[in-house]
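Q: Show me how the following folds:
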Amino acid sequence: MDHLQIIVDEIAEEMALAVERGKVADYIPNLAAVSPAHFGMAIVSVDGSVHVAGDAEQAFSVQSITKVFGLTMALGAVGDALWSRVGREPSGSAFNSIVQLETEKGIPRNPFINAGAIVVSDILLARYEPREAIAEFLRFMRALAGDDTIVIDDHVARGEEQTGFRNAALASYMRAFGNVRHPIEKTLGIYFHQCALAMNCRQLALAGRFLMCGGRNPETGRSVVSPQRARRILALMLTCGHYDGSGEFAYRVGLPGKSGVGGGILSIAPGIASIAVWSPGLNERGNSHLGTLALERLVQRTGWSVFEPVSPDSGRAGRKIGSHFVD
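A: Numbering: from 1, shown residues only. Okay, the predicted model is just below:
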């Protein structure tokens with residue numbers, strides 16, 4: 001067995017023994033029913049190898065991790081014009097906060113808080129009818145992961161629609177400023193269905209490969225985004241991907257990452273690996289408690305942090321396995 005698989009297995013065993021597992025999100029009925037006992041991890045390396053452990057093959061609600069992919073699609077549709085409607089700064093506030101919208105005239109602080117993702121959904125709606133926009137998003141995710149079995153969980157989407165009062169307030173407030181331009185129910189319909197995507201860790205790590213490879217899908221060889229745009233998406237993941245816990249995640253893990261209240265985290269080691277973890281219990285900031293701990297231990301054992309020194313003659317992509325491995 002190779003060293004990376006040994007590390008993944010060890011981390012999964014450690015997470016299985018953890019006593020403190022966080023609190024499962026309870027404001028969406030389908031998420032409240034998920035056991036906090038689950039933990040899964042998948043790593044797709046730049047050479048195409050896949051390493052999985054725990055519940056890596058069990059589908060879960062991806063939730064806000066899909067904001068990375070929605071942003072990718074919206075940038076492809078309108079380019080940098082998107083930034084006239086969404087900022088690029090950390091919010092320092094909870095993911096569903098409405099406070100900053102008043103002082104900043106309906107412009108969300110970044111595309112990864114709920115308000116920002118709602119504007120991204122509104123941008124995607126400009127090109128399609130709602131049903132077509134949802135179908136196009138699903139096709140995009142299936143293509144990235146190379147898996148046509150990925151689905152949107154309609155039960156979760158309906159649950160979000162029935163309980164999404166704060167998101168409706170965010171959308172209404174931005175509509176008042178002219179930053180949501182379509183009927184609120186249509187824009188929110190896209191947002192709720194996007195968040196209701198169901199994937200497992202293996203599929204999610206595969207979908208993130210283009211960010212690991214400078215914007216190119218390594219399976220097809222096709223460009224998803226330009227290298228510059230891939231770098232900028234990763235920068236936003238590092239600074240904004242965990243809401244008001246983004247600084248703590250960067251401090252502890254040191255990789256770009258995006259969390260979701262379903263307990264998943266997608267994290268990228270540029271030029272090295274795409275990593276997905278899942279554990280439903282959340283910390284006080286709404287991010288996976290054990291998922292964060294698992295990624296911290298992975299980086300400690302591999303040296304994959306973007307802040308880890310790299311020798312000038314090796315190049316980052318050449319250090320696929322960090323100095324913490326022992327033969």
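Q: only C-alpha atoms for contact and neighbour calcs from this point on.
A: OK.
Q: got any ranges where the stretch 51-200 of the chain has weak pLDDT?
A: Residue ranges of the stretch 51-200 of the chain with pLDDT under 70: 94-96.
Q: Helices of that one, residue ranges please.
A: 66-78, 99-103, 114-125, 130-145, 154-163, 165-176, 184-195 (DSSP state H, counting those that start in this stretch).
Q: Among these, which comes closest to residue 51?
A: Nearest to residue 51 among the helices of the stretch 51-200 of the chain is helix 130-145 (15.3 Å), distances taken as CA to CA.
Q: Check which residues of that closest one are buried.
A: Of the residues in helix 130-145, 130, 133, 134, 135, 137, 138, 140, 141, 142, 143, 144, 145 count as buried by neighbour count, 16 or more other CA atoms under 10 Å.
Q: Could you do stretch 161-177 as well?
A: Those would be 161, 167, 168, 170, 171, 172, 173, 174, 175, for stretch 161-177 by 16+ other CA under 10 Å.
Q: what's the distance between the fifth one and residue 191?
A: For residue 171, the distance to residue 191 equals 11 Å [CA to CA, to the nearest Å].
Q: Quickly list what's touching both of these two.
A: Listed contacts common to residue 171 and residue 191 are residue 118; contacts here mean CA atoms under 8 Å, 6 or more residues apart in numbering.
Q: Distance-wise, check residue 107 relative to residue 308.
A: For residue 107, the distance to residue 308 equals 35 Å [CA to CA].
Q: if you count what's nearby, which of the two comes out ahead?
A: A count of neighbours by other CA atoms under 10 Å puts residue 107 above the other of residue 107 and residue 308, at 23 against 12.
Q: now the strands for the protein?
A: Using DSSP state E, the strands of the chain run over residues 23-24, 40-45, 50-54, 60-61, 151-152, 197-199, 257-259, 264-269, 273-278, 281-282.
Q: residue contacts, the spatially most central residue of the chain?
A: With distances taken as CA atoms, centre = their mean, residue 65 lies nearest the centre of the chain, 2.6 Å away. Residue 65 makes contacts with 195, 258, 259, 260, 264, 265, 266, as judged by CA under 8 Å, 6+ apart.
Q: Turn the residues you listed into CSV, columns for neighbour count and distance to residue 179.
A: As requested, these are arranged in CSV below (neighbours: other CA atoms under 10 Å; distance: CA to CA, whole Å):
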residue, neighbour count, distance to residue 179
195, 25, 21
258, 29, 24
259, 31, 25
260, 24, 24
264, 35, 29
265, 30, 29
266, 29, 28
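Q: tally of neighbours for residue 190?
A: Neighbours of residue 190 under the rule other CA under 10 Å: 26.
Q: cool, and residue 78?
A: For residue 78, the count of nearby residues is 12 (other CA under 10 Å).
Q: what's the nearest residue to residue 267 if we skip its chain neighbours?
A: Distances taken as CA to CA, 6 or more residues apart in numbering place residue 257 nearest to residue 267, at 4.1 Å, with adjacent residues excluded.
Q: One more: residue 123?
A: residue 74 (6.5 Å).
Q: Surely the one you found is in contact with residue 120?
A: Yes - using CA atoms under 8 Å, residue 74 makes contact with residue 120 at a distance of 6.3 Å.
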